[in-house]
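[1] got a predicted model here, sequence first, then my questions.
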Amino acid sequence: MRHYIALVHKDADSAFGVTFPDIEGVFSAADEEGDLITNAIQALRLWAEDDALPDPSPIEAILNRADIRDELAAGAFLVRIPLIEDDSRVVRANVTFEAGTLKAIDEAAAKRGLTRSAFLASCARKEIEAVG
């Protein structure tokens with residue numbers, strides 16, 4: 001999993017704007033601060049559908065850029081965005097759960113029309129992306 005640094009701007013009467021110093025042309029927005037990471041991940045994924053993403057720069061390299069320092073001085077802030085890259089390979093994994101937890105997983109998956117594996121993969125992706 002790679003992490004990209006996003007630069008977040010917020011003017012008084014606007015949504016949060018998100019750009020990526022490593023990837024010119026990728027941008028996102030969010031009305032609520034809580035939606036920043038989800039929307040930024042979506043922007044990265046959409047970009048990756050058409051173009052290969054570059055390797056992310058280390059935070060030190062981003063902070064050494066004069067344009068970034070100017071943006072930060074003007075009130076912008078940086079956010080670390082996790083990106084789980086799509087890979088269509090299916091890999092088998094053996095996991096162990098307490099019986100009651102496994103039963104709850106199976107019931108929740110069934111309610112959503114998902115297999116256990118699909119449900120667990122979805123939950124894991126959401127948790128990883130929420131924490132970064």
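    That came in fine, so what should we check first? Numbers count the residues shown, from 1 in each chain.
[2] tell me where the protein has helices.
    Counting by DSSP state H, one finds helices in the chain at the ranges 36-50, 59-63, 66-73, 99-111, 116-131.
[3] closest one to Glu85 among those helices?
    helix 36-50 (7.4 Å; C-beta to C-beta). C-beta coordinates here come from the backbone N, C-alpha and C atoms, glycine included.
[4] need the per-residue pLDDT for Pro21.
    Per-residue confidence at Pro21 stands at 96 (pLDDT).
[5] ok, now how distant is it from Phe77?
    Per C-beta to C-beta, to the nearest Å, Pro21 is found 13 Å from Phe77.
[6] can you check Ile68 too?
    From Ile68 to Phe77 the distance is 11 Å (C-beta to C-beta).
[7] quick check: neighbours shared by these two?
    Leu7 (C-beta atoms under 8 Å, 6 or more residues apart in numbering).
[8] could you find the closest non-adjacent residue to the residue nearest the centre of the chain?
    Residue closest to the average C-alpha location in the chain (C-alpha atoms, centre = their mean): Ile41, at 3.6 Å. Excluding the flanking residues, the one nearest Ile41 by C-beta to C-beta, 6 or more residues apart in numbering is Glu129, at 5.7 Å.
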